[in-house]
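> build the 3D model from these lines:
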Amino acid sequence: QVHLVESGGGLVQAGGSLRLSCTASGLTFRVYVMGWFRHAPGKEREFVASISTSGTRTDYADSVKGRFTISRDNAKNTLYLQMSSLKPEDTAVYYCAAGVVFGPKREGDFGSWGQGTQVTVPS
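Residues are numbered from 1 along each chain as shown. This next block holds a predicted model:
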């Protein structure tokens, strides 16, 4: 059974940084494209970033480009999201997800999901 467990969320002041982690088990991590999505209150869940199986290709939502960095450690079965220059509009529950094709940004293209970790940036 696939388990994706996010950690590292919390409360951070605007302009601050956080690093989210997602530890995977029950799947061959290195063959999966991985992504981060977020769900803010009153909004649809949205794509944040994705990374190819080898980590050589990355993709970002325009809203986080230049501020967030996605990375992975296949030896540790772990996905990361380094978030910097955080803004109140980054407040959301952040989810990691596993998919099979790099490029698509729709929820339906990712088959396995974690439970999420809350990130709060007060205004």
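> buried ones in stretch 81-101, by neighbour count?
By neighbour count on 16 or more other Cβ atoms under 10 Å, the buried set for stretch 81-101 is 81, 83, 86, 90-99. C-beta: built from backbone N, CA, C; applies to glycine.
> now pLDDT, distance to residue 12 and secondary structure too, for those residues, in CSV please.
Shown next, in CSV, are the buried residues of stretch 81-101 (pLDDT from 0 to 100; distance: Cβ to Cβ, whole Å; DSSP: H, G, I helix; E, B strand; the rest coil):
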residue, pLDDT, distance to residue 12, secondary structure
81, 98, 13, strand
83, 98, 8, strand
86, 98, 6, coil
90, 98, 9, helix
91, 98, 10, coil
92, 98, 13, strand
93, 98, 15, strand
94, 98, 12, strand
95, 98, 18, strand
96, 98, 19, strand
97, 98, 23, strand
98, 97, 26, strand
99, 96, 28, strand
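> geometric centre of the chain: which residue is closest?
In the chain, the residue lying closest to the centroid (Cα atoms, centre = their mean) is residue 36, at 2.3 Å.
> what is the subsequent helix or strand relative to the helix or strand hosting it?
For residue 36, the host element (DSSP states H and E) is strand 33-39. Proceeding N to C from strand 33-39, the next assigned helix or strand is strand 46-51, under DSSP H and E.
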